[in-house]
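In: Build me a model:
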Amino acid sequence: SLSHSLSLSLLLWLLSSLSGCSDGIHMCKRMFSPPPSLHACMQLQTCVRPLVALLGSQSEKTCSNAAGALGNLARNSAGLDEHFVHAGCSQALLKLAFESGKTPRLQQICFFSLGTVAKLPRCRAALLALDVTEQLQAFPTRSKEVKQCIDRLLGKLAG
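Out: Numbering: from 1, shown residues only. Below is the predicted model:
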């Protein structure tokens with residue numbers, strides 16, 4: 001549809017010119033609710049690496065929005081499975097979630113997005129290859145929400 005094409009164009013522009021602006025990424029995160037067509041997936045594949053790169057931002061808000069956008073992409077664009085793997089999406093989300101000093105809200109978003117990414121076959125295989133089940137089970141958190149997201153991820157990894 002025209003509105004979805006315009007959304008994609010806006011997303012690509014935002015990612016190329018506003019990578020330091022968490023508000024721009026927050027807008028991008030909302031654009032993935034309708035399942036995109038194959039053509040749209042081909043355009044969206046160019047968004048995966050920049051979003052993964054934004055997970056390394058010093059701004060926690062930017063990291064949260066990028067993590068949420070990656071989860072939304074994974075939920076709505078199964079055709080991007082290989083691109084998530086090549087961009088190191090799972091590793092970057094895990095690294096961010098495991099970093100000390102991160103807020104429970106950011107950890108929750110990372111683990112929830114990882115649970116969504118783990119639905120994709122190649123991403124699930126990449127996560128299993130990292131052998132992080134024990135680390136996830138022992139993750140120190142007092143947050144019920146973070147624990148629920150970790151349990152969701154462990155369930156996806158278990159089968």
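In: all contacts plus neighbour counts: C-alpha atoms, from now on.
Out: Fine.
In: Could you pull out the helices in this protein for me?
Out: Along the chain, counting by DSSP state H, helices occupy 2-17, 22-29, 38-54, 60-76, 81-87, 89-98, 104-117, 121-130, 133-137, 144-158.
In: quick one: contacts for the residue most central in space within the chain?
Out: In the chain, the centroid-proximal residue (CA atoms, centre = their mean) is Leu70; its distance is 2.8 Å. Contact partners of Leu70, counting by CA atoms under 8 Å, 6 or more residues apart in numbering, are 48, 51-52, 113.
In: same check, this time on Cys149
Out: Counting by CA under 8 Å, 6+ apart, Cys149 makes contact with 108, 111-112, 115.
In: Counting neighbours, which of the residues you listed comes out on top?
Out: Phe111 (32 neighbours; other CA atoms under 10 Å).
In: Hmm, Ile150 and it touching each other?
Out: Yes - counting by CA atoms under 8 Å, Phe111 does reach Ile150; the two are 5.8 Å apart.
In: For Leu93, give its distance to Val117.
Out: 10 Å (CA to CA, to the nearest Å).
In: more crowded one of the two?
Out: Remark: of Leu93 and Val117, Val117 carries more neighbours, 29 against 25, as counted by other CA under 10 Å.
In: What's the local residue count around Leu127?
Out: By other CA under 10 Å, 21 other residues sit near Leu127.
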